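**Q** The sequence and its predicted three-dimensional model are supplied below.
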Amino acid sequence: MAGPSRCHLLVIFLLQVTSNAFATPTLEGPANLKDCERQFTEKCGIEVGNSIFNNGFLSDDCCRDLVKLGKPCHDTFLNTSLVALHPNANKAQTLAKGEQIWTECVAIDNSDKHETKPVKECLEKFPPKCGEEIEKSIYQGTVVTDACCRDLVSWGKSCHDIIAERNHDVRHPSVNKAQALASSEKLWNLCAAISRSPASSPSN
């Protein structure tokens, strides 16, 4: 009997299930499932799955790849995952979250066509790891490492403000903007204090 196909493995990655899921029987998906998964990377499959089921971070790059993949494939992955691997999930809530992720990714993809030069230049300064830490801190209240705080300050307040406003308008438009920008300002002040502290310097 043939082993699990790559499309089934991608469905598993989308759900971020444990290794036991590889032994779980899966239902055959729609005819275009294999065609869809051939165009999507494992890394982005994991990110999309985390963003839907675990409220994880979805990078701009994977959002662009998802939009390039197309809405039918996005819906196919999500529906097949629900039926085959996560039958006890609240279907309405999960599909709504999937739709939210798709809408946000379309906004990110569209924003690329209208990004100003300052925004593009600032985005290039923010490495994905620290960018994720900073965004999570502003919108989820998580902690930013001292190393990313020092990097943030080195990039400058102007870039911090530009990216904070861009991320709200493109990635989190439903969040109260005044509160988001206030949280962004609070983070900047904290990171500025950390960067001035001798204790924050890396030890030799």
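**A** Received the coordinates, thanks. Everything numeric here is computed off the predicted structure, so don't read it as measured data.
**Q** Would you map out the domains in this protein?
**A** Using the TED database, the domain ranges for the chain come out as 33-112, 117-196.
**Q** what about the first one, how long is it end to end?
**A** By that I understand domain 33-112. Distance between the boundary residues of domain 33-112 (C-alpha to C-alpha, to the nearest Å) amounts to 28 Å.
**Q** Same check on the last one?
**A** Domain 117-196 has its terminal residues 30 Å apart, counting by C-alpha to C-alpha.
**Q** Does anything pack onto the host helix or strand of residue 61? Which helices or strands?
**A** Assigning secondary structure by DSSP states H and E places residue 61 in helix 60-69. Secondary-structure packing of helix 60-69 (3 or more C-beta pairs under 8 Å, 6 or more residues apart in numbering; DSSP states H and E): helix 42-53, helix 91-111. The way it works is simple: take the backbone N, C-alpha and C, and place the C-beta from them, glycine included.
**Q** try 10 Å this time
**A** Helices and strands in packing contact with helix 60-69 are listed as helix 42-53, helix 71-84, helix 91-111, helix 128-140, helix 157-171; criterion 3 or more C-beta pairs under 10 Å, 6 or more residues apart in numbering; DSSP states H and E.
**Q** Pick the most deeply packed of those helices.
**A** Highest mean neighbour count among the helices and strands packed on helix 60-69 (mean count of other C-beta atoms under 10 Å): helix 42-53, with a mean of 21.
**Q** Give me the neighbour count for the closest residue to residue 108 other than its chain neighbours.
**A** Spatial nearest neighbour of residue 108, chain neighbours left out: residue 63 (4.5 Å); criterion: C-beta to C-beta, 6 or more residues apart in numbering. Around residue 63 sit 26 other residues, with neighbours defined as other C-beta atoms under 10 Å.
**Q** Could you number the chain from 13 rather than 1 from now on?
**A** All right, first residue 13 from here; so that's residue 75.
**Q** And residue 75, how far from residue 166?
**A** As judged by C-beta to C-beta, to the nearest Å, residue 75 and residue 166 stand 26 Å apart.
**Q** Check residue 56 too.
**A** Using C-beta to C-beta, one gets 29 Å for the distance from residue 56 to residue 166.
**Q** One more: residue 61?
**A** Relative to residue 166, residue 61 is positioned 33 Å away (criterion: C-beta to C-beta).
**Q** can you check residue 125 too?
**A** Residue 125 sits 29 Å away from residue 166, going by C-beta to C-beta.
**Q** Which one's more surrounded, the two?
**A** For the pair residue 125 and residue 166, the greater number of neighbours falls to residue 166 (10 against 6), based on other C-beta under 10 Å.
**Q** CA atoms only: put the helix or strand where the more buried one lies into PDB for me.
**A** Per DSSP H and E, residue 166 falls inside helix 158-167. The C-alpha atoms that make up helix 158-167 are tabulated as PDB, following Å, rounded to 0.1, in the frame of the first residue of the first chain:
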ATOM      1  CA  ASP A 158      16.500  42.700  24.600                       C
ATOM      2  CA  ALA A 159      18.300  41.900  21.300                       C
ATOM      3  CA  CYS A 160      15.300  42.800  19.200                       C
ATOM      4  CA  CYS A 161      14.700  45.900  21.300                       C
ATOM      5  CA  ARG A 162      18.300  47.000  20.500                       C
ATOM      6  CA  ASP A 163      17.700  46.300  16.800                       C
ATOM      7  CA  LEU A 164      14.500  48.200  16.900                       C
ATOM      8  CA  VAL A 165      16.100  51.300  18.300                       C
ATOM      9  CA  SER A 166      19.000  51.100  15.800                       C
ATOM     10  CA  TRP A 167      16.400  51.100  13.000                       C
END
